[in-house]
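> My questions are about this predicted structure, shown below with the sequence.
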Amino acid sequence: MPPLPLSALLSQPLVAFIIECDNEFEHQMPHTTTAHGRTQGARYAPWLTSMAMWWTCLRYVGDEGITVGELTSLAGTRTTLTHLQRWGYIRVGPGPADARPKPPERDQVITLQPGGRLARQVWAPLPGQVEARWQQRLGAATLAGLRAALTGLASQLDPALPACMPILGYPLRSEPANRAAIALAGNEDQLAGAALPELLSKVLLAFAVEFEAGTRSLAVMANLIRVLDAGGVPVAELPVRSGVSKEGIAMALGLVTKAGTVEQAAKPGGRGKLARLTGSGIAAQRAYAGRTADIEAGWRARYGADLVAGLRGLLEPLADLPGGGHGPLWRGLEPYPDGWRASARAAGPLPHYPMVLHRGGYPDGS
């Protein structure tokens, strides 16, 4: 089995970290979901969302509020303001001193609703708490080595890249919204205090931006095209093969089917559909493998062969192992019995690229 691309090795611990934080947030935060309804007795119970809503919005909104333009500059990426309003976290509107009947969006002020203030309070300590668990789980030396490698690499990257994964826009590309943002400065002293998911995100996003300069979505290539073949794969099996939700797969399938990279047909003698690679799809699959290998080789030459090789060596034992085994990150993914993931589908591999969608920001597109 060929080694995983560096992008997949970065994605899997990032997704694992986010899911572990999400499970803890769900456990602590009063909330509402379709399946479980509203937390009993809660005064404020906004719609349950993922960590992306904290990283792209809530962490930056102080008690006095912040303009949309200021938020975009600080976060370095767009967020789902319309959804966050509807879900009960924020309000967006003219500032108290703005007399204009309809100010432009960037001048409108974001303020926290009571549910948003509670969510900010719950979210703030979670990354540090989960990182402390990882230190116990992986060992202090391993975690320190991982942080050092990520910091050494991130300090050489574009400081304008945001410190979180963007919500994927059409056509599922990871495009930062504001390349003038300074969410993480590009030197090791300032990066030293960054949370582990910030470092993973910054390095992974740099990889994605370079990959997507060739026009193809890394999320689509890594999570869908990678698991298909010319013979056909049942569409119902794709979530388990990829680690991405059926909703995320459906969105990606729509794009590649329209582009002629994949074709869908009825399963012979049975219900459901098969998805198979066309000739251009086979070429795209090969190009994905070649492009990710070329980027990693370029990084070794540009940023230091020992640094990139050392990072790979630290990441390889962590998540999905050759032959289908699970690494130590999986020990933190068991949900609480009353959590929504406890009744979700059987876990497949962790995604080879985060499928962060507007649906709630979950890293597997749920």
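Sure, I can see it.

> What's the local residue count around the spatially closest residue to residue 87 that is not a sequence neighbour?
In space, residue 87 comes closest to residue 47 once its chain neighbours are excluded; the distance is 3.6 Å by Cβ to Cβ, 6 or more residues apart in numbering. Any C-beta I mention is one placed from the backbone N, CA and C, and that applies to glycine too. Residue 47 has 18 neighbouring residues, counting by other Cβ atoms under 10 Å.

> residues contacting residue 47?
Residues near residue 47 by Cβ atoms under 8 Å, 6 or more residues apart in numbering: 31, 32, 33, 86, 87, 88, 360.

> Return the distance of it relative to residue 262.
Per Cβ to Cβ, to the nearest Å, residue 47 is found 33 Å from residue 262.

> and what of residue 114?
Taking Cβ to Cβ, one finds residue 114 at 46 Å from residue 262.

> What of residue 36?
Per Cβ to Cβ, residue 36 is found 35 Å from residue 262.

> More neighbours: which of the two?
Neighbour count, other Cβ under 10 Å: between residue 36 and residue 262, residue 262 has more, with 25 against 15.

> Correct me if wrong: the more buried one contacts residue 273.
No. In this structure residue 262 lies outside contact range of residue 273 using Cβ atoms under 8 Å: 10.9 Å.

> ok, which stretches of the stretch 1-150 of the chain are helices?
6-28, 52-56, 68-75, 81-86, 114-123, 126-138, 140-154 (DSSP state H, counting those that start in this stretch).

> out of those, deepest packed?
With neighbours taken as mean count of other Cβ atoms under 10 Å, these reach their highest mean count in helix 52-56, at a mean of 26.

> Check the burial of residue 290 by counting its neighbours.
Neighbour count for residue 290, taken as other Cβ under 10 Å: 10.

> Can you tell me the SS state at it?
Put simply, residue 290 is helix when judged by DSSP: H, G, I helix; E, B strand; the rest coil.

> Distance check, it against residue 275.
Plainly put, residue 290 is 22 Å away from residue 275 if you go by Cβ to Cβ.

> and residue 327, what pLDDT?
On the pLDDT scale, residue 327 is placed at 87.

> could you say which helix or strand contains residue 263?
Element membership for residue 263 (DSSP states H and E) is strand 262-266.

> other SSEs contacting that strand?
Using 3 or more Cβ pairs under 8 Å, 6 or more residues apart in numbering; DSSP states H and E, the elements in contact with strand 262-266 are helix 246-259, strand 273-277.

> For the first one, C-alpha coordinates in PDB please.
Yep, that's helix 246-259 we're talking about. Included here for helix 246-259 are C-alpha records, laid out as PDB according to Å, rounded to 0.1, in the frame of the first residue of the first chain:
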ATOM      1  CA  LYS A 246     -23.600  10.900   2.800                       C
ATOM      2  CA  GLU A 247     -24.500  14.600   2.400                       C
ATOM      3  CA  GLY A 248     -20.900  15.600   1.700                       C
ATOM      4  CA  ILE A 249     -20.600  12.700  -0.700                       C
ATOM      5  CA  ALA A 250     -23.800  13.800  -2.500                       C
ATOM      6  CA  MET A 251     -22.500  17.300  -2.900                       C
ATOM      7  CA  ALA A 252     -19.200  16.100  -4.300                       C
ATOM      8  CA  LEU A 253     -20.800  13.500  -6.600                       C
ATOM      9  CA  GLY A 254     -23.000  16.200  -8.100                       C
ATOM     10  CA  LEU A 255     -19.900  18.200  -9.100                       C
ATOM     11  CA  VAL A 256     -17.900  15.400 -10.600                       C
ATOM     12  CA  THR A 257     -20.800  13.800 -12.400                       C
ATOM     13  CA  LYS A 258     -21.600  17.200 -14.000                       C
ATOM     14  CA  ALA A 259     -18.000  17.500 -15.000                       C
END
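
> So the nearest residue to residue 156 once chain neighbours are set aside versus residue 48, what's the distance?
Distances taken as Cβ to Cβ, 6+ apart put residue 303 closest to residue 156, at 5.1 Å, once the chain neighbours are dropped. Distance, residue 303 to residue 48, using Cβ to Cβ: 39 Å.

> higher neighbour count, these two?
Each of residue 303 and residue 48 has its neighbours counted (other Cβ under 10 Å); residue 48 has more, 23 against 19.

> quick one: pLDDT of that one?
The score at residue 48 is 97. That number is its pLDDT.

> Just list the residues touching it, thanks.
Residue 48 sits in contact with 26, 29, 31, 32, 33, 340, 360, where contact means Cβ under 8 Å, 6+ apart.

> rerun that using 6 Å as the cut-off
31, 33 (Cβ atoms under 6 Å, 6 or more residues apart in numbering).

> I'd like the distance between the residue lying closest to residue 304 once chain neighbours are set aside and residue 203.
Using Cβ to Cβ, 6+ apart and skipping the chain neighbours, the partner closest in space to residue 304 is residue 152 (7.7 Å). The gap separating residue 152 from residue 203 is 10 Å, by Cβ to Cβ.

> following the helix or strand of the chain with the lowest mean pLDDT, which helix or strand shows up next?
The helix or strand of the chain with the lowest confidence, counting by mean pLDDT, DSSP states H and E, is helix 188-191 at a mean of 67. Heading C-terminal from helix 188-191, the first helix or strand you meet, by DSSP H and E, is helix 196-212.

> I'd like the distance from that following helix to the chain centre, please.
10 Å (Cα atoms, centre = their mean, to the nearest Å).
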